[in-house]
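Student: Turn this into a structure:
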Amino acid sequence: MEKVDSEFSLQPVPQVNRNGFWKILAVMLGFTFFSASMWSGGTLGNGLSFMQFIWIVLAGNLILGIYTGALAYIAAKTGLSTHLLTRYAFGEKGSYLSSLLLGVTQVGWFGVGVAMFAIPVQKATDINVYLLIVISGVLMTVTAIYGIKALAILGIVAVPSIAILGGYSVLEATDTAGGIQGLMGYQPHEALGLAAALTICIGSFISGGTLTPDFARFARTTRSAVVSTVIAFFLGNSLMFLFGAVGAIVYGKADISDVMFLQGLIVPAIIVLGLNIWTTNENALYASSLGFANITKISKNKIVIFNGTIGTIAAMWLYNNFVEFLTILGSTLPSIGAIVLADYFLLKRGNYRKFEEMKFKAVNWIAIIAWAGGVATANFVPGIPPINGLLGTAIIYVVLMKCIPQRGE
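Tutor: Take a look at the predicted model:
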């Protein structure tokens, strides 16, 4: 008897296997509760007045919410992951490029996340750092095997815990700064330009946001997919920026767990740190497994175990050597999402043929060219790189697809 793939790695998610709004919201909030967003918030907090910070974060995360919400709509409408959606624009073998980029990036961040948990906990407890890496890596890998159900349960536990404990810590920090008036009166030593600030805000999570369909495809309706995603990126991500900004302004530390260590809240700090990284790493490992399943056709669970093992073994090396490379690699991902959006909404008018009925071309070289052009636009054209990349990619793709005759699929 053939075993059913409960995560539907290589097919649309049937309607009977979809989830309601609250489970999807828990998953998406867990996804956006990301330590790197706090670091970015700390950078913004140090370079802007507090009111400027608020407006930049709201504007940046609204743009992120629109981008990811549009991807969530397509995912819920089709039931397809990012990796399967890219077959429509890139072709079946062309989609391997996006899956490889997404998969490698997420395995890398998984390893970095494991080390990000182990190192501060080792400093606080004197437990051997490599033992902590092994234990946390194994636990995160095991729970990722259980897929979207585990992500929902973890989100339901982690999100309120992080919000409550982190919120308490921020209130303590605000009191130390002299209350709200103290924060409002803060002036940065070195001002950050508004365009640069918006770039940091959007760029911090636009790469991860490209993976939104991997989770939103389980939404029962397009409305619940879009609303839960917009809430997660607009409110959830903004909260992480706020944690980082207040911590950086008051204590010179952007990560809320570092702030809590300084406040003497050792146990809550470890809980927040663990849950925060766990939710992000679960999503990273899950998404990477879908990407490599698209390329290899091997079952998702086997790939989860392999990826988790590699990420755990290489965690310290990744943490010390790989972060800059992962950041560069991540800058190539938004162009993939831009092509999916342009193909679905502008060229196909919001109507993809059923996945099972499609005979995909092997490679759509126009999509590859548009992707490369979009990455170049983001890196070399003046302005706000994430927005430049999205618009540049979409324009190049649509113009070339309209101007160059296409053979029927």
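Student: Now name the helix or strand holding residue 392.
Tutor: For residue 392, the element it lies in under DSSP states H and E is helix 385-403.
Student: Burial check on the nearest residue to residue 236 once chain neighbours are set aside, number of neighbours?
Tutor: Distances taken as CB to CB, 6 or more residues apart in numbering place residue 32 nearest to residue 236, at 4.2 Å, with adjacent residues excluded. All C-beta atoms are positioned from the backbone trio N, CA, C, and that covers glycine. Residue 32: 28 surrounding residues under other CB atoms under 10 Å.
Student: need the contact list for residue 254.
Tutor: 38-39, 41-43, 45, 244-245, 247-248 (CB atoms under 8 Å, 6 or more residues apart in numbering).
Student: and if we set it to 10 Å?
Tutor: Contact analysis of residue 254 by CB atoms under 10 Å, 6 or more residues apart in numbering lists 35-46, 241, 243-248.
Student: do the same with residue 141
Tutor: By CB under 10 Å, 6+ apart, the residues touching residue 141 are 110, 114, 281-282, 285, 304-309, 311-312.
Student: What separation is there between the closest residue to residue 385 other than its chain neighbours and residue 391?
Tutor: Nearest residue to residue 385, sequence neighbours excluded (CB to CB, 6+ apart): residue 378, at 4.5 Å. Applying CB to CB, to the nearest Å, the value for residue 378 to residue 391 is 10 Å.
Student: same check, this time on residue 233
Tutor: From residue 233 over to residue 391 the distance is 19 Å, taken as CB to CB.
Student: For the helix holding residue 392, what is the distance to the chain centroid?
Tutor: Taking CA atoms, centre = their mean, to the nearest Å, one finds the center of helix 385-403 at 22 Å from the center of the full chain.
Student: just the CA coordinates of that helix, formatted as PDB?
Tutor: The C-alpha coordinates for helix 385-403 follow below in PDB (Å, rounded to 0.1, in the frame of the first residue of the first chain):
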ATOM      1  CA  PRO A 385      17.100  47.700  -3.300                       C
ATOM      2  CA  PRO A 386      14.200  45.300  -2.300                       C
ATOM      3  CA  ILE A 387      11.600  47.400  -4.100                       C
ATOM      4  CA  ASN A 388      13.900  47.900  -7.100                       C
ATOM      5  CA  GLY A 389      14.400  44.100  -7.300                       C
ATOM      6  CA  LEU A 390      10.700  43.300  -7.200                       C
ATOM      7  CA  LEU A 391       9.700  45.900  -9.700                       C
ATOM      8  CA  GLY A 392      12.700  45.300 -12.000                       C
ATOM      9  CA  THR A 393      12.200  41.600 -12.100                       C
ATOM     10  CA  ALA A 394       8.400  41.900 -12.800                       C
ATOM     11  CA  ILE A 395       8.900  44.400 -15.600                       C
ATOM     12  CA  ILE A 396      11.700  42.500 -17.300                       C
ATOM     13  CA  TYR A 397       9.700  39.200 -17.100                       C
ATOM     14  CA  VAL A 398       6.400  40.600 -18.400                       C
ATOM     15  CA  VAL A 399       8.000  42.600 -21.200                       C
ATOM     16  CA  LEU A 400      10.100  39.700 -22.400                       C
ATOM     17  CA  MET A 401       7.200  37.300 -22.200                       C
ATOM     18  CA  LYS A 402       5.000  39.700 -24.200                       C
ATOM     19  CA  CYS A 403       7.600  40.400 -26.800                       C
END
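Student: other SSEs contacting that helix?
Tutor: helix 50-78, helix 194-203, helix 206-209, helix 334-341, helix 365-380 (3 or more CB pairs under 10 Å, 6 or more residues apart in numbering; DSSP states H and E).
Student: Flag every buried residue along the second one.
Tutor: Going back to what we said before, that points to helix 194-203. 196-203 (16 or more other CB atoms under 10 Å).
Student: May I see those organised as TSV, with pLDDT added?
Tutor: Listed next are these as TSV, based on pLDDT from 0 to 100:
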residue	pLDDT
196	87
197	88
198	89
199	87
200	86
201	88
202	88
203	84
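Student: I'd like to know which of those residues is nearest to residue 80.
Tutor: Of all these, the one sitting nearest residue 80 is residue 202; the distance, using CB to CB, is 25.1 Å.
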